[in-house]
Every structure is written in C-alpha cells, then in structure tokens.
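Enquirer: What follows is a predicted protein model with its sequence.
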Amino acid sequence: MGMVFDCFRINDKPTLPVTVIDPYNGDFMEVRALIDTGFSGYLLIPPSVYNKVNSLELENPRVYATLNGIVKTRVAKAIIKIGKIKLDTLIESPILGREISLLGRELQKILHIEFKKGKEVCIEDP
C-alpha cells in the first residue's frame, strides 16, 4: 500500500485536475479529466489542448470501438502531473470529436485511485 499523495473533492462527476506537459519544450496545459472506466486508453484531451502539447506525436493513431462507432485518436508522448505525482505517459485526442477530457484505464492501472464515499478521490503513490 502506497502513501496517499493527494485527495480531490468531487461533486456529481469524479474529475481530477491534470497538468499536461510537452516533454520537448516544456509547454503545459491544464484540464479536468473525468475518471472513465469505459475508456481503455490513456488520457484523452480535446484537440484544442492536444495541439499545444504534442511535439512528440507518434506516427500511428489508436482506434477504439465505441457505442457511437469507431473513434481514431492522435497520440503523443507527454508528462502528466496530478497533484504531486508526475508520470511519463501518452496523451490522445480524437481526430474527430468533442471537447472532452477522460482519464482512461491505461492510466488507472498505473495510479492507485480510491473513491471515498462519493465525496473525494484519493491517489496513492504508483
């Protein structure tokens, strides 16, 4: 069991403040990401955010089958910061899609996330 790094109060939706950092030039953007157990990817962010932190974009998009059909995402290497935790990871953005931020299962597997009675979300040292 790790040390609890940070707890975040939640209202009707479990969201976390995430800083997305471009590892190449240090540019960063802030998003509030919904913890989504239905999204199997990493961190999905809107194109308006992605385009500012995607210097290390990978060549191949990822493809997901969703209830709304096939979704393709652009993918880039990034650093994310949630509270005191910093991780080297991937960020994704829909090629065609909505302005939404989702913290997917790939990141949920790395982070130890605990929901406390629907009032707060705590993250422990990965």
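Expert: Right, received. Where do you want to start? Numbering: from 1, shown residues only.
Enquirer: what sits against Arg105?
Expert: Neighbouring residues of Arg105 by C-beta atoms under 8 Å, 6 or more residues apart in numbering: 37, 39-41. Where you see a C-beta, it was placed from the backbone N, CA and C, and this is true even at glycine.
Enquirer: Of those - the most surrounded one?
Expert: Phe39 (22 neighbours; other C-beta atoms under 10 Å).
Enquirer: residues touching the closest residue to it other than its chain neighbours, list them.
Expert: Counting by C-beta to C-beta, 6 or more residues apart in numbering, Phe39 lies nearest to Gly104, which is 3.9 Å off, once chain neighbours are set aside. Contact analysis of Gly104 by C-beta under 8 Å, 6+ apart lists 36, 39-44.
Enquirer: State the pair within these that is farthest apart.
Expert: Greatest spatial distance in the contacts of Gly104: Ser40 and Leu43, 12.3 Å, computed using C-beta to C-beta.
Enquirer: Report the buried residues of the lengthiest helix in the chain.
Expert: In the chain, taking DSSP state H as the definition, the longest helix is helix 105-110. Of the residues in helix 105-110, 105, 107-108 count as buried by neighbour count, 16 or more other C-beta atoms under 10 Å.
Enquirer: cool, and stretch 63-83?
Expert: Buried, per 16+ other C-beta under 10 Å, within stretch 63-83: 64, 71, 73-80, 82-83.
Enquirer: Can you show me the strands along the chain?
Expert: 4-9, 15-21, 28-35, 43-44, 62-66, 69-82, 85-94, 102-103, 112-116, 120-124 (DSSP state E).
Enquirer: can you tell me which residues contact the residue nearest in space to the middle of the chain?
Expert: For the chain, Leu43 is the residue whose C-alpha lies nearest the centre (C-alpha atoms, centre = their mean; 2.6 Å). Contact analysis of Leu43 by C-beta under 8 Å, 6+ apart lists 18, 20, 33, 78, 80, 89-92, 101-104, 107.
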